[in-house]
Structures are given as structure tokens and as C-alpha cells.
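**Student:** return a 3D structure for these sequence lines:
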Amino acid sequence: MKFRWKLLILLLAISIIPIVGLRIFGIHNVRIMAKALIAQVELNQESEVKSHLLTLMEGYSNILGKIREEVEMALAFQMFEVKRGILQNIFAAEKDAALPQEKKPDLRPDFVGSAKGDADTLSSDYSKQCFAVPAGIGVENAEVYLTRLAGMIDGHQKISGYLGQLVLWQYIGLANGIYSVYPCNPKFTAVSDARQQIWYRSALEDNLTSWSQPYVDPVSSRSVMAVSLPVEQADESIQGVLSFVVPMDSLLEPVSFISEIPPQTTALLGTLASKPTTDQVGIKILSRADYSVTMTTQIQAPDNDNPWLISSDSVQFKALLKDIATRQNRIREMPYHGHMSYWLYGPLPHLGTAYIFIIPRDEILQQNHRVLEFIKNRLAQVENYTAGFLIFLVLVATALALRFSRTVTRPLEALSQAVQKLGQGDFDARVSIKSKDEFGDMGQVVNRVGPQLKEDYRMRRSLEVAMEVQQNLLPDTPPALPGLDIYGMTLFCDETGGDYFDYLCMDEEDKNKLCLVVGDVVGHGIPAALLMATARGFLRLRATMPGTLGDIITDVNREFVKDAENSTQFMTLLLFRIDRGENRMDWVRAGHDPAIVYDPDSDSFSSLDEGKGMPLGISKETGYTASSCDIKPGQIIFLGTDGIWETRNAQGELFGKERLQQVIHTNSRESARTIVLSILDAVQEFRGAEEQEDDLTLLITRLTDDKG
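**Tutor:** Residues are numbered from 1 along each chain as shown. Reported below is the predicted structural model:
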């Protein structure tokens with residue numbers, strides 16, 4: 001009996017010890033696997049979340065584009081009515097010195113100019129217009145104008161019914177200072193001369209776009225933007241301005257219609273501005289909305305005590321400021337009010353203004369928590385099952401216990417090893433589990449995740465590195481040289497591209513000379529970016545050595561052919577040297593479009609067609625020679641790539657060089673930076689909703705009288 005008990009105890013010990021050990025080992029591996037799986041799920045979900053957020057951002061941008069189109073279409077309709085119903089009749093009445101017999105406007109004092117009253121109880125009257133007559137004209141002398149302006153009430157009401165709250169005020173201002181505003185508000189105490197109004201001046205002074213900079217409306221105290229058009233006669237003389245005032249908070253109203261937007265989202269409208277205390281550029285909040293789970297949007301005015309948007313991550317925030325300045329749509333991850341958040345942002349009509357969605361990261365990654373709970377529950381079930389199996393197997397037999405434990409631990413070990421390899425970056429790891437239970441399902445998941453993670457990681461990392469490298473290859477700021485006002489910019493159509501510009505040949509001892517270079521590698525993407533980087537390295541190295549411009553390009557081409565001869569790609573290049581000491585410029589063209597020179601004295605454009613040469617990378621025997629001409633202060637020199645004038649709109653029309661020259665002519669008195677931004681705005685407005693098909697690179701040089 002003692003032996004049997006000893007034998008029983010021994011058998012129990014033999015069966016319990018390995019089973020308990022295997023159970024502990026199995027649960028440990030399950031926990032490791034669960035942790036690794038959660039990490040991989042988070043990576044996958046973050047990628048899916050960013051893709052989903054991009055879709056939301058595109059949807060909101062489309063809504064804003066539709067709003068802009070509706071407002072501008074209504075403005076164009078009203079412009080037609082103004083020209084037909086006011087200007088023609090006013091000039092006819094001025095010549096005949098008589099008005100047709102028709103209903104005169106109500107010219108009582110509470111209708112013309114401003115009115116007094118309790119500001120808390122005053123509201124707009126949508127059945128009337130308010131009129132303002134500048135001092136010195138008098139109501140009687142202005143009667144002809146007021147009568148015609150009063151005749152626009154039907155058009156105002158139709159537009160108000162069509163656009164609703166999108167338009168706060170509708171202004172019609174004449175060149176003599178008389179103007180009307182709809183709807184009439186007794187609180188309206190604006191200056192009684194249209195020419196002193198922000199909306200009037202912006203239409204005549206803002207050469208970038210018809211949308212004004214954001215400002216505070218003096219009547220409603222709301223942040224607004226004015227979209228205006230000058231009223232022109234057949235002789236192109238300005239007879240007045242037609243303007244709609246759009247409240248900024250109305251642009252946040254469509255947020256509530258985006259049903260997929262996560263709870264706790266903060267939506268902002270802001271503009272780049274200099275902080276008064278530090279003179280640093282920041283984002284001034286114009287309007288904000290907090291989106292709640294009740295499917296409503298609470299529009300709020302900006303906090304007057306702290307109207308600036310801030311984040312503790314200064315590096316990411318500076319990159320955001322740069323993106324807004326260059327009109328980029330992007331998602332960044334940085335803290336907001338102590339919580340890590342996704343920042344989605346895109347441009348508004350006026351340069352430097354943008355919408356920003358801030359979504360707490362934890363709110364949008366709630367699914368990860370559900371996956372974690374699921375895995376924990378499955379882990380608890382496995383622990384309970386193995387505990388029951390342990391008791392059962394101890395009672396049955398040691399052999400059955402060992403066999404059962406092996407059926408559990410083997411798939412767990414295989415899954416654990418595979419997941420650990422995935423977590424360490426070995427995306428080729430695979431697991432072979434033929435069972436049709438949960439372990440088999442998890443094995444299939446692991447086998448599917450590996451190739452997907454490998455491809456996604458490779459592509460994402462390659463594009464990120466390529467984009468960072470190429471952005472760093474382009475100059476951040478132009479050199480400050482006497483007699484030269486220079487500004488250049490590149491906008492890639494993909495993450496990377498083949499366009500290139502640079503400043504070379506700078507000598508500390510002779511600051512009168514500067515070389516400018518613009519190039520374009522055929523094609524897009526990483527191959528074009530690599531060739532661009534190769535050409536840049538050759539140019540920068542060769543430009544430090546003695547030789548003429550022709551020698552520089554000849555030597556660069558000889559080396560460039562070695563890298564490009566086995567491909568079908570090549571590169572066009574334009575190397576330009578300006579000598580302000582001698583008032584002379586030299587250039588070499590390697591298959592690139594010629595530079596364009598605008599002379600404001602003669603109001604003429606010229607194209608520097610001399611020096612045609614073969615593009616780089618075609619033949620190493622190609623030689624290049626330089627051409628030259630004299631220059632003088634006041635001239636504007638344009639260098640660019642064909643992506644600008646070959647941009648197409650929805651009708652298939654090309655932007656062309658004539659439109660380019662018109663923009664340069666219109667902004668000829670502005671700085672080089674303003675001219676560059678004006679050209680990019682004009683190209684984007686011409687392209688409309690069409691995608692950018694080619695890289696855009698341009699470099700403007702203004703020759704000034706200052707030679708240091």
C-alpha cells in the first residue's frame with residue numbers, strides 16, 4: 001500500500017510538475033504574444049486612422065471649396081446686376097440731369113448714415129438697406145445714386161435667401177464714396193465713406209486674391225473675410241466695389257455634417273500673424289468650434305486673453321507654420337492641452353489662413369483598447385481552460401497530461417516566436433499552425449500581417465526619408481546681397497520630385513556676383529529625386545573650382561552621363577550668373593526654357609533664347625558655351641520650370657507664359673517673394689480642383705538700386 005501511494009504520489013508529481021511548468025510557460029508566451037500583437041495592431045490602426053483622417057480632411061476641403069464657389073458665383077451674379085442696374089442708369093441720369101420716374105428711396109435720417117439705440121436690442125432688418133453719404137456731397141446731391149442703390153434690394157434678398165448665414169453683409173460702394181449695406185442694422189456706425197472701408201481697399205490693393213485678410217467686423221465684432229470685386233466700366237476704369245463679408249465662424253458650421261468626425265474634436269480657423277510681445281510668427285485664432293458627442297458644433301469666439309494657438313512640441317509646430325505659409329494639407333502629431341493629438345490642417349482662400357482640426361489621439365484609437373480587452377479576455381479564458389485541464393489530466397494520467405500540454409504549448413511557442421520576430425523587425429517570420437481553432441486563426445493573422453507590415457514600412461520609410469532629404473537639399477532662405485532681391489520656391493506634385501533650384505558661386509570677398517540655377521529632371525518620384533541630388537552634388541562641387549559657366553556645365557554633364565546613361569532620364573538646366581558690379585549677366589542653357597526679363601521702363605518682356613544646348617545626361621561629348629547681356633536696376637528676371645506654364649485647368653487649357661507675364665507685370669512693384677507667391681496663387685486658381693501633375697519651381701530676381 002505504501003508503495004502504491006508512493007507510486008501514485010510519484011505519478012501525480014510526474015504529471016503535475018511538467019503540466020504546471022508547461023502551463024506557466026504557455027501563459028507567459030501568450031502574454032508576450034498578446035503584447036506584440038497589440039503593438040502591431042496599433043501600428044496598423046494608426047496607418048488606417050491617418051488615412052481615414054485624410055479622407056475627412058479632403059471632405060471638409062471639398063465643402064469649403066463648394067462654399068467658396070457658391071459665394072463667388074453669387075458675387076459674379078450680383079456684379080452683373082450692379083453693372084446692368086446701377087452703372088448704366090447712373091451715367092445716363094448724370095448726362096441727362098434727370099431721373100426716370102420711379103420710387104425714390106426712403107431718405108429719412110434713421111435710414112441714411114448711422115442710427116442710435118440700445119445695442120443689445122438692435123437687429124438687422126432684411127427688408128431694408130442702409131446707405132452712407134460722405135461729408136460734402138449731401139443727400140439731395142446723392143439722390144440719383146441712392147435711388148439706383150435702393151433698386152438692388154431684390155438682388156440682395158435673393159442672395160441672402162440663397163447663401164443664408166454664409167454672408168453677413170452685402171456692400172455696394174461707388175467711387176465717389178457713397179455706398180449701401182444689406183441688411184440694414186441700426187447699430188451700423190461705420191465710416192460714411194466707402195473708400196475708407198476695409199472691404200473697399202482690399203479689392204483695389206490686394207493683388208494676390210479677391211479674398212481679403214481676416215479682420216474684425218466693427219458692427220458684429222466677429223472675425224470676417226471680405227470677398228470683393230472691382231466694378232469696371234468698358235474703359236477699365238474703376239467705378240466702385242462689390243463685396244460680400246463672410247463670417248469666419250460660418251466656415252466651421254459644415255463640421256457638424258461630417259458624421260465620421262471623432263468626439264472631442266476642436267476645429268479652428270486661424271491666420272499667421274506676428275505676436276505683439278515677441279514679434280514671432282504664430283497662429284492667431286479667428287474662430288473655434290468644439291465638436292461633442294451630441295452631433296452638434298458649438299461655435300465660439302476666440303479667447304481675447306489668449307487668442308494664440310500653441311503646442312509644447314516646438315519643432316512640429318514650426319513645421320506646421322511653414323506648411324500653412326506654403327498652403328500645404330497635412331497631418332501632424334503633437335500635444336494639445338497636455339494630450340497627444342492629431343492635427344489636420346489645410347489652406348483657406350487667403351494666403352496664410354487655414355483650418356485646423358485637433359483630435360485627441362486616445363479618442364480615435366479607442367479600438368486599440370477594445371482589442372486589448374479582447375486579448376485579455378481570451379488570455380483569461382486560456383488560463384481557466386488550462387487550469388481545468390490540469391486538474392482533469394492529473395486525475396486521468398500523466399501521459400495524457402503531457403500530450404495535452406504539448407498540443408497547447410507548441411502553437412503558443414510558434415506564435416510567440418513569430419510575433420517576437422515581427423516585433424524586432426523581421427517581417428519574413430512565418431508560423432505553421434494547421435489547427436482550425438483560435439490558435440490556427442491567430443497563426444493566419446500573423447502570417448498575413450508580416451508581408452503587409454514589410455511593404456508598408458518599406459514604402460513609408462522610403463518616402464519619408466526621400467522627402468526629408470530632398471527638402472533639405474533645397475535652400476531655405478535666399479542670400480542677402482546688395483542690389484538683389486531674390487526669392488525661390490518649389491512645390492512638388494508627389495512626396496519627391498525632380499525640380500531643383502539653388503544659389504551658387506557666392507564669394508565673401510566679392511558680393512556683387514551670384515549664380516542662380518534651375519533644373520528639371522524628366523519624370524517624378526524617387527528616381528527623379530535621386531538624379532536631382534546627383535546633379536546638385538556635381539554642380540556644388542564644380543562651382544567651387546575655376547572656370548567659365550560653359551566649363552562648369554560641360555564638366556557636370558560629363559559626370560552626370562555616367563549615372564544617367566543606363567536610364568531613359570535626362571535633366572534640363574539653366575545656370576545664371578549676375579554681376580552687379582559690371583551690371584552684366586551670363587547664362588548657359590542645357591535644354592531648359594529660357595529666362596524671361598521684364599523691363600518696367602519700357603514695359604516689355606524679353607526672352608533670353610541664346611545659348612541653346614542639349615540636356616544633361618544624353619551625351620558626354622556635348623559642350624556648352626555661355627551667353628551674356630547687360631542689365632540695369634529695376635529689371636525683373638524669371639527662372640522656372642515648365643510645370644508652371646504647362647498647368648492645365650478642367651477644360652484642358654494651358655496656363656501659358658502670357659498669363660505668367662501678366663502676373664509679373666501686375667506685381668512688378670512688389671518684392672520678389674510677393675511675385676513668387678502671386679504666381680503660385682494664380683496657377684492654383686487657374687488649375688482649380690484639378691490635381692497638380694508636375695513640380696512647380698520658380699525663382700524671381702529683382703535688380704535694385706542698392707549696391708551696398
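
**Student:** and the strands in the stretch 551-700 of the chain?
**Tutor:** In the stretch 551-700 of the chain, the strands defined using DSSP state E, counting those that start in this stretch lie at 571-579, 584-590, 596-599, 604-607, 627-630, 636-640, 696-703.

**Student:** can you list contacts of the second one?
**Tutor:** What that stands for is strand 584-590. With C-beta atoms under 8 Å, 6 or more residues apart in numbering as the test, strand 584-590 has contacts from 549-550, 552-553, 557, 571-579, 595, 608, 610-616, 624-631, 637. C-beta coordinates here come from the backbone N, C-alpha and C atoms, glycine included.

**Student:** quick check on the residues you listed: which are buried?
**Tutor:** Using 16 or more other C-beta atoms under 10 Å as the burial test, the contacts of strand 584-590 include 549-550, 552-553, 557, 571-578, 595, 608, 611, 613-616, 624, 626-628, 631, 637 as buried.

**Student:** which non-adjacent residue is nearest Asn512?
**Tutor:** Gly581 (3.7 Å; C-beta to C-beta, 6 or more residues apart in numbering).

**Student:** any idea how far the one you found is from Gln569?
**Tutor:** In this view, Gly581 and Gln569 are 38 Å apart by C-beta to C-beta, to the nearest Å.

**Student:** more crowded one of these two?
**Tutor:** Using other C-beta atoms under 10 Å, the more surrounded residue of Gly581 and Gln569 is Gln569, with 17 against 12.

**Student:** go ahead and confirm the more buried one touches Ile618.
**Tutor:** No - taking contacts as C-beta atoms under 8 Å, Gln569 lies outside contact range of Ile618: 10.2 Å.

**Student:** what's the single longest helix in the protein?
**Tutor:** Assignment by DSSP state H gives helix 2-82 as the longest helix of the chain.

**Student:** pLDDT of it, averaged?
**Tutor:** On average, the pLDDT along helix 2-82 is 74.

**Student:** okay, now Pro349: neighbour count?
**Tutor:** When counting by other C-beta under 10 Å, one arrives at 21 neighbours for Pro349.

**Student:** am I right that it sits in a helix?
**Tutor:** No - when DSSP: H, G, I helix; E, B strand; the rest coil is applied, Pro349 is found to be coil, with no helix at that position.

**Student:** residues in contact with it?
**Tutor:** 68, 209, 211, 225, 227.

**Student:** out of the residues you listed, which is nearest to Asn384?
**Tutor:** Using C-beta to C-beta, Arg68 is the member of the contacts of Pro349 that sits closest to Asn384, with 60.8 Å.

**Student:** with adjacent residues omitted, what lies nearest to that closest one?
**Tutor:** Nearest one to Arg68, counting by C-beta to C-beta, 6+ apart, is Pro349 at 5.8 Å.

**Student:** any idea how far the one you found is from Pro218?
**Tutor:** 22 Å.

**Student:** again with Asn185
**Tutor:** 11 Å.

**Student:** higher neighbour count, those two?
**Tutor:** Applying other C-beta under 10 Å to Asn185 and Pro218 shows that Asn185 carries more neighbours, namely 20 against 13.

**Student:** A strand includes Ala528, no?
**Tutor:** No - counting by three-state DSSP, Ala528 is not found in a strand; it is helix.

**Student:** please state the backbone phi and psi of the residue nearest to Asn512?
**Tutor:** Torsion angles at Gly581 (phi, psi; degrees, to the nearest 10) stand at phi -70, psi -40.

**Student:** related to what we said a few turns ago, ok, which of the strands of the stretch 551-700 of the chain comes nearest Met248?
**Tutor:** strand 696-703 (28.9 Å).

**Student:** and the closest one, which residues are buried?
**Tutor:** 696-703.

**Student:** what lines up beside that strand in the sheet?
**Tutor:** The strands that strand 696-703 pairs with in its sheet are strand 484-491 (antiparallel), strand 636-640 (antiparallel) (by DSSP bridges).

**Student:** in CSV, list the ones you listed along with mean pLDDT and distance to Gln45.
**Tutor:** Formatted as CSV, the strands paired with strand 696-703 follow (pLDDT from 0 to 100; distance: least, C-beta to C-beta, whole Å):
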stretch, mean pLDDT, distance to Gln45
strand 484-491, 91, 31
strand 636-640, 95, 43
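
**Student:** circling back to that earlier point, most neighbours, which of the contacts of Pro349?
**Tutor:** The contacts of Pro349, ranked by neighbours (other C-beta under 10 Å): first place Met225, 27 neighbours.

**Student:** contact partners for that residue?
**Tutor:** Contact partners of Met225, counting by C-beta under 8 Å, 6+ apart, are 211-215, 245-246, 248, 348-350, 353.
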